[in-house]
Every structure is written in C-alpha cells, then in structure tokens.
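**Student:** This is a predicted model, with the sequence first.
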Amino acid sequence: MASKIPSWIQKFLLPELESVKGELKAINTRIEELDKRIERLRNEMIARFEAVNSRIDSLDKRLDVAERLAVIEAKLREHDEILEKIA
C-alpha cells in the first residue's frame, strides 16, 4: 500500500501516523491499567459487602435469640404471678 502513496505524502503523513499509532498504544495501556484497578476495586467492594452481610446475619441471629429470651422471660413472669396467686 505504501508504494501507491506519493513519496511527498509518505514523508509527511507516515511519521504522523506512526506517532498516532504510538499514542494509541499508550492509551490502550492506560485503559488496561484502569480496567485492572477497577477490577481490584470491584473485588474489594464485593468483599466488604460480604463482610457487612455477614455482620448483619450475625445481628439478625442475636436479635432472634434476644426476642425469644424476652418471650421466655414474659412467660416466666406470668407463671410467677400465677404461683403467687395460688400460694
């Protein structure tokens, strides 16, 4: 293809095209680096969300136990009141 282009055009355009080609390679490299950074951040955020979810699950279990304990305590108070009335 270069043989069909007049030499004066080759003299001016080919260096510019090579320069643009080099700049595009540099831009591609930077985009790839950004992609890697974004992927790392994504993975970190997923890990943090999983940790938060784990903590929430733990709190849910604790709340469930606390609610059960409150019900048991209320029933014990009722039984104590009934026993006091009987005695």
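**Tutor:** Sure thing, it's come through.

**Student:** Could you pull out the strands in the chain for me?
**Tutor:** Secondary structure of the chain (DSSP state E): no strands present.

**Student:** spatially speaking, which residue is in the middle of it?
**Tutor:** Met45 (2.8 Å; Cα atoms, centre = their mean).

**Student:** Count the neighbours of Leu59 for me.
**Tutor:** Leu59 has 10 neighbours, counted by other Cβ atoms under 10 Å. For glycine as for every other residue, the C-beta is placed from the backbone atoms N, C-alpha and C.

**Student:** Distance-wise, check it relative to Val71.
**Tutor:** In this view, Leu59 and Val71 are 19 Å apart by Cβ to Cβ, to the nearest Å.

**Student:** can you check Val20 too?
**Tutor:** 75 Å.

**Student:** Any regions of the protein where pLDDT drops low?
**Tutor:** Applying pLDDT under 70 to the chain picks out residues 1-3.

**Student:** ok, Lys21 - how many residues close by?
**Tutor:** 10.

**Student:** go on, Thr29?
**Tutor:** 10.

**Student:** Run through the residues that contact it.
**Tutor:** With Cβ atoms under 8 Å, 6 or more residues apart in numbering as the criterion, no residue contacts Thr29.

**Student:** all helices of this protein, in order?
**Tutor:** For the chain, the helices defined by DSSP state H occupy 7-86.

**Student:** How many residues are close by Gln10?
**Tutor:** 13.

**Student:** still on that earlier bit, kindly provide the distance from the residue nearest to the centre of the chain to Ala51.
**Tutor:** Distance from Met45 to Ala51, by Cβ to Cβ: 11 Å.

**Student:** before we move on, what about Leu14?
**Tutor:** Leu14 is 56 Å from Ala51, by Cβ to Cβ.

**Student:** Val20 too?
**Tutor:** Val20 is 46 Å from Ala51, where distance means Cβ to Cβ.

**Student:** for Glu18, same thing?
**Tutor:** Distance from Glu18 to Ala51, by Cβ to Cβ: 50 Å.

**Student:** And Glu81, by the same measure?
**Tutor:** Glu81 sits 45 Å away from Ala51, going by Cβ to Cβ.
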